[in-house]
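>>> need a structure here:
(chains A and B)
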2 protein chains.
Amino acid sequence: MAARRPGEFALIERYFRPLASDPGAFGLTDDAALYRPRAGEELVLTTDLLAAGIHFFADDPPDLIARKALRVNLSDLAAKGAEPVGYLLALALPGDWTEAWIRRFAAGLAADQKQYGISLLGGDTSRASGGLTIAVTAIGRVPKGTMPRRAGAKAGEAVFVSGTVGDGALGLRVRSGALSPNPRAAKFLRDRYLVPEPRLALAPVVRRFATSAMDVSDGLVGDLAHICEVSGVTAVVHADRVPLSPAAKAALAADPALQSLILNGGDDYEILATVPPKSAAAYAAAANAAGVPVTQIGEILAGKGPPSVIGAGGKPIVLAAASHTHF
Amino acid sequence: MAARRPGEFALIERYFRPLASDPGAFGLTDDAALYRPRAGEELVLTTDLLAAGIHFFADDPPDLIARKALRVNLSDLAAKGAEPVGYLLALALPGDWTEAWIRRFAAGLAADQKQYGISLLGGDTSRASGGLTIAVTAIGRVPKGTMPRRAGAKAGEAVFVSGTVGDGALGLRVRSGALSPNPRAAKFLRDRYLVPEPRLALAPVVRRFATSAMDVSDGLVGDLAHICEVSGVTAVVHADRVPLSPAAKAALAADPALQSLILNGGDDYEILATVPPKSAAAYAAAANAAGVPVTQIGEILAGKGPPSVIGAGGKPIVLAAASHTHF
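Prediction:
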């Protein structure tokens, strides 16, 4: 079997060179990529590593693994208000890789490159020390001085989140067999887990209005705690205002103990942002116009410490689990 | 044991935040790093992944593993004539990692950051799917339009290589017990394998004189074949002009069969460059002045195909093994 597989150079030429559409990628025939910055722009750089058995299942569809690896990075760019430019891909393949698997993996990248208007800029291919491991470094650009930081939230500001929360964490439960909703809900949740949607359409709106922003990857409440910590503030989250998909609502109605998982399970890849109260309506309107609904879920408060979560009638809610990590 | 180890956030705060000296790294408290390009510069981007059991031994000293992971990337920047700016680090840790190991790993990075004047810009830490895996993306800068490509070599040009060739491949043999020279030579070769020296001092000279350049990582002759292929030329390498360290010379004298390993074993991280004949003496002089000796080992010839290797008296030499890959 192994003898029939292409070597590293043939693999790159056949499947990855076609992805290197940017002239600065030199068709992956050089040691490095070249990027010529435009006047007045700053570059936003982020890296995320995904490993089989940790961030995805080794038998997930290869095109979806590829898209997830790319999209979790694009989600970071979106939260920083950046327009994506391209990415570098370091790929470590397990001993039993097949050409068919690589073909589907590259097809997933190609589809997302087309969707988001980006190019593969460079990469490295190697054998893995264990299972499949994918490290992506994504590069985006913002007009000088416009990138929202995590630090920047001020008391009195509105806390917004995009889309719906909890689907990814519930989808992982569905994927692992721990949760069995009706087939339609199961498919919706599993898809949200497998292929997150980076909110790039929201990037210009975030850049314009947000005083702080980040993407929700480790869990809504835990990630808001990060914003609070670096901004030197605290916050309150109204649990009943957190936007849920119909599938998540149904799951929560069937099992109220899922609330902690929904509010802090992670894998949401939605954008959490703080906005001055006078801009809150304009932020929501601009987000809607960009096709990404946002919901105000709480407020930033003076003080320090992790956010409080309250239910209907102001009753405090204690979350069952800490912020999710892949560690 | 595991319970005594710091969590991901504590680990980052304790060991990696001190490495994020660049203000654009935000002390690793944000989702992404910000880089503000200077007027007239272009960015050079490269990524290399190293995995335990493939590129290094899991029980190699952690500071040296860290330095190697960083340096193989800096070597790519040097070959592209770039000044290093910083790097992003994606680190996947095996289940049995210890805090003491991380401390030494970070100390290795700190030492090299100081030596090369660079900063950690961002990163990701995760559990590994198997052994330790390290993906580094390095960022460098060049004045606009000055980066030497691999494509660009022309018939009649001189082929130069920096430093000495073969030490890394011989060092791997020493490290794995397959070669046992005297202790002093053993230490020299092993060190060359464990901690390559990125030829950053040569970068401005390469930028000024080279028509094509790359770093020798897969093997001298195989890498020159890459230059020939993308430049549409061929070349001749005079085996007896290839610069060898005293340790490599002694190993070759003791076992002439090592010639293929020396000429094409890889892990050299020296700079291979082509230079017009009229600039050859000036290139060598400028390199010497920069503290990195270079040696002319051959010429670019009209035609196509991989380089010929000839010995004393013009006798053709057929290399035993193909260009080395970690695949």
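
>>> Strands along the stretch 1-150 of chain A, start to end?
Using DSSP state E, counting those that start in this stretch, the strands of the stretch 1-150 of chain A run over residues A:33-35, A:41-51, A:83-93, A:119-127, A:133-143.

>>> Let me have those strands in TSV, extended by mean neighbour count, mean pLDDT and distance to residue A:266.
Using the backbone N, CA and C atoms, a C-beta is placed for each residue, glycine as well. Output for the strands of the stretch 1-150 of chain A, formatted as TSV (neighbours: other Cβ atoms under 10 Å in any protein chain shown; pLDDT from 0 to 100; distance: least, Cβ to Cβ, whole Å):
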stretch	mean neighbour count	mean pLDDT	distance to residue A:266
strand A:33-35	24	98	31
strand A:41-51	26	98	13
strand A:83-93	25	98	22
strand A:119-127	23	96	27
strand A:133-143	27	98	18
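
>>> Dump the ones you listed to a markdown table, plus distance to residue B:264.
A markdown table is the format used below for the strands of the stretch 1-150 of chain A (distance: least, Cβ to Cβ, whole Å):
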| stretch | distance to residue B:264 |
| --- | --- |
| strand A:33-35 | 26 |
| strand A:41-51 | 32 |
| strand A:83-93 | 24 |
| strand A:119-127 | 19 |
| strand A:133-143 | 28 |
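
>>> how does chain A divide up, domain by domain?
Taking automatic domain parsing as the reference, chain A has its domains at A:2-143, A:158-313.

>>> Pick out the residue in chain A sitting closest to chain B.
residue A:130 (1.2 Å; Cβ to the nearest Cβ).

>>> right, and that residue touches residue B:131 too?
Yes - between residue A:130 and residue B:131 there is a contact under Cβ atoms under 8 Å: 5.7 Å.

>>> picking that back up, how many residues are close by the residue of chain A closest to chain B?
22 (other Cβ atoms under 10 Å in any protein chain shown).

>>> Identify the residue spatially nearest to it, adjacent ones excluded.
Leaving aside its sequence neighbours, residue A:130 sits nearest to residue B:130 (Cβ to Cβ, 6 or more residues apart in numbering or on different chains; 1.2 Å).

>>> can you check residue A:225 too?
Excluding its sequence neighbours, the residue lying closest to residue A:225 (Cβ to Cβ, 6+ apart) is residue A:306, at 4.0 Å.

>>> For that neighbour, report the pLDDT, please.
In this model, residue A:306 is scored at 96, pLDDT.

>>> what's around it, how many residues?
Residue A:306: 16 neighbours (other Cβ under 10 Å).

>>> ok, now which ones touch it?
When contacts are counted by Cβ atoms under 8 Å, 6 or more residues apart in numbering or on different chains, residue A:306 touches A:221-222, A:224-225, A:228-229, A:234.

>>> Which strand or helix spans it?
In this structure, residue A:306 sits in neither a helix nor a strand according to DSSP states H and E.

>>> Kindly list the main-chain dihedrals of it?
Residue A:306 adopts backbone torsions of phi -70, psi 160, taken as degrees, to the nearest 10.

>>> Repeat that for residue A:300.
Residue A:300 adopts backbone torsions of phi -80, psi 140, taken as degrees, to the nearest 10.

>>> which residues does the residue nearest to it when sequence neighbours are not counted contact?
Computed as Cβ to Cβ, 6+ apart, the closest residue to residue A:300 that is not its neighbour in sequence is residue A:157, at 4.4 Å. Counting by Cβ under 8 Å, 6+ apart, residue A:157 makes contact with A:211, A:274-277, A:299-300.
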